[in-house]
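In: Next comes the sequence, and after it the predicted model I'd like to discuss.
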Amino acid sequence: MNFARPADGRPALLSLDEAKTLFHEFGHALHGMLSAVVWPSLAGTAVARDFVELPSQLFEHWLTTPQVLAAHARRQDTGESMPAALIDKLKAAQTFDSGFATVEFAASALVDMAFHRQTDPPADVVAFEKSTLDGLGMPASIAMRHRTPHFAHAFAGEGYSAGYYSYMWSEVLDADAFAAFGEANDHFDVETAGRLARYIYSAGDSASPEELYTAFRGRLPEPGAMMEKRGLI
Ligand SMILES: [Zn+2]
């Protein structure tokens, strides 16, 4: 991890965001370390771009479970656990501005798709962007996350062409997958974790993402858990 070094004589502390990144990257690491696929080209993280973010984004969810916070989110000077009132405030803040963030992201993802559906490049990029946003009923008070002229991410190469949506799609997967533990009433349910290890963390690209996800979850992903995580329902 490339966390900031502490000042001389001070302990190295992580913000909640940094701890989240640690859990995210550790999820990618587990996807590699638990791989049980023989062929390297199909093993570990060698999976589709949206599916590869499932093991990482999913792992972030355990950071704020009561058990993990009680064990690890402790004051470095006294060893005291994080007070329940602070945990409640943290959780309440997680959906702050989420409607705004959802609209600014979705606008960029939909405009990205609209551009890539054109067989002839629009002569006036800004006018095309405006007419697409008008068609979507984009609120005037919210700007796109990425305006087209600087959106190199979606226009620089094959990788993310018409693929900006995949960040939100990965979130559909991670929220829906974590909800399986909610349904089991245990964030550490052994049976659910066993299926997760077998069909997701160790399976690489040995079968299609649809098959693997269905084997883990018993069905394809649904967006409800993501909407709930974002505080939108
Ligand atoms: Zn990632």
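Out: Received it, and whenever you're ready, just let me know what you need.
In: contacts and neighbour counts: CA atoms only from here.
Out: Noted.
In: Could you double-check that residue 189 lies in contact with residue 183?
Out: No: under the criterion of C-alpha atoms under 8 Å, residue 189 makes no contact with residue 183, lying 9.8 Å away.
In: The two: which is more packed in?
Out: residue 189 (14 against 11; other C-alpha atoms under 10 Å).
In: For that one, report the pLDDT, please.
Out: pLDDT recorded at residue 189 is 98.
In: what do you get for the one 5 residues further on?
Out: Here, the pLDDT recorded for residue 194 equals 98.
In: Could you report the neighbour count for it?
Out: Neighbour count for residue 194, taken as other C-alpha under 10 Å: 13.
In: what element comes up after the strand or helix carrying it heading to the C-terminus?
Out: In this assignment (DSSP states H and E), residue 194 forms part of helix 190-196. Per DSSP H and E, the first helix or strand lying C-terminal to helix 190-196 is helix 209-217.
In: for the protein, what helix or strand is lowest in average pLDDT?
Out: In the chain, the helix or strand scored least confidently by mean pLDDT, DSSP states H and E is helix 152-155, which has a mean of 73.
In: correct me, but residue 174 touches residue 60?
Out: No: judged on C-alpha under 8 Å, residue 174 makes no contact with residue 60 at a distance of 9.1 Å.
In: Which one's more surrounded, these two?
Out: Neighbour count, other C-alpha under 10 Å: between residue 174 and residue 60, residue 174 has more, with 24 against 21.
In: Find the residue closest to the more buried one in space, skipping its chain neighbours.
Out: Leaving aside its chain neighbours, residue 174 sits nearest to residue 58 (4.6 Å; criterion: C-alpha to C-alpha, 6 or more residues apart in numbering).
In: how close does the one you found get to residue 38?
Out: 24 Å (C-alpha to C-alpha, to the nearest Å).
In: do the same with residue 153
Out: Distance of residue 153 to residue 38, computed by C-alpha to C-alpha: 33 Å.
In: what about those two, which has more around it?
Out: Shown here are residue 153 and residue 38; by other C-alpha under 10 Å, residue 153 has more neighbours (17 against 11).
In: State the distance from the more buried one to residue 162.
Out: 10 Å.
In: before we move on, what about residue 110?
Out: 9 Å.
In: Is residue 147 in contact with residue 108, as I believe?
Out: Yes: shown here, residue 147 and residue 108 form a contact pair, counting by C-alpha under 8 Å, at 7.2 Å.
In: Name the residue in these two with the higher neighbour count.
Out: More neighbours surround residue 108 than the other of residue 147 and residue 108, with 23 against 15 (other C-alpha under 10 Å).
In: Can I get the helix or strand harbouring that one as PDB, trimmed to CA atoms?
Out: Counting by DSSP H and E, the element that carries residue 108 is helix 98-116. Extracted in PDB, the C-alpha atoms of helix 98-116 (Å, rounded to 0.1, in the frame of the first residue of the first chain):
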ATOM      1  CA  SER A  98     -25.400   9.700  -2.600                       C
ATOM      2  CA  GLY A  99     -28.200  10.900  -4.900                       C
ATOM      3  CA  PHE A 100     -25.800  13.600  -6.300                       C
ATOM      4  CA  ALA A 101     -23.000  11.100  -6.700                       C
ATOM      5  CA  THR A 102     -25.300   8.500  -8.400                       C
ATOM      6  CA  VAL A 103     -26.600  11.100 -10.900                       C
ATOM      7  CA  GLU A 104     -23.200  12.600 -11.800                       C
ATOM      8  CA  PHE A 105     -21.800   9.100 -12.300                       C
ATOM      9  CA  ALA A 106     -24.700   7.700 -14.300                       C
ATOM     10  CA  ALA A 107     -24.700  10.800 -16.600                       C
ATOM     11  CA  SER A 108     -21.100  10.100 -17.600                       C
ATOM     12  CA  ALA A 109     -21.700   6.400 -18.000                       C
ATOM     13  CA  LEU A 110     -24.800   6.900 -20.200                       C
ATOM     14  CA  VAL A 111     -23.100   9.600 -22.300                       C
ATOM     15  CA  ASP A 112     -20.100   7.300 -22.700                       C
ATOM     16  CA  MET A 113     -22.500   4.600 -24.100                       C
ATOM     17  CA  ALA A 114     -24.300   7.100 -26.300                       C
ATOM     18  CA  PHE A 115     -21.000   8.100 -28.000                       C
ATOM     19  CA  HIS A 116     -19.900   4.500 -28.500                       C
END
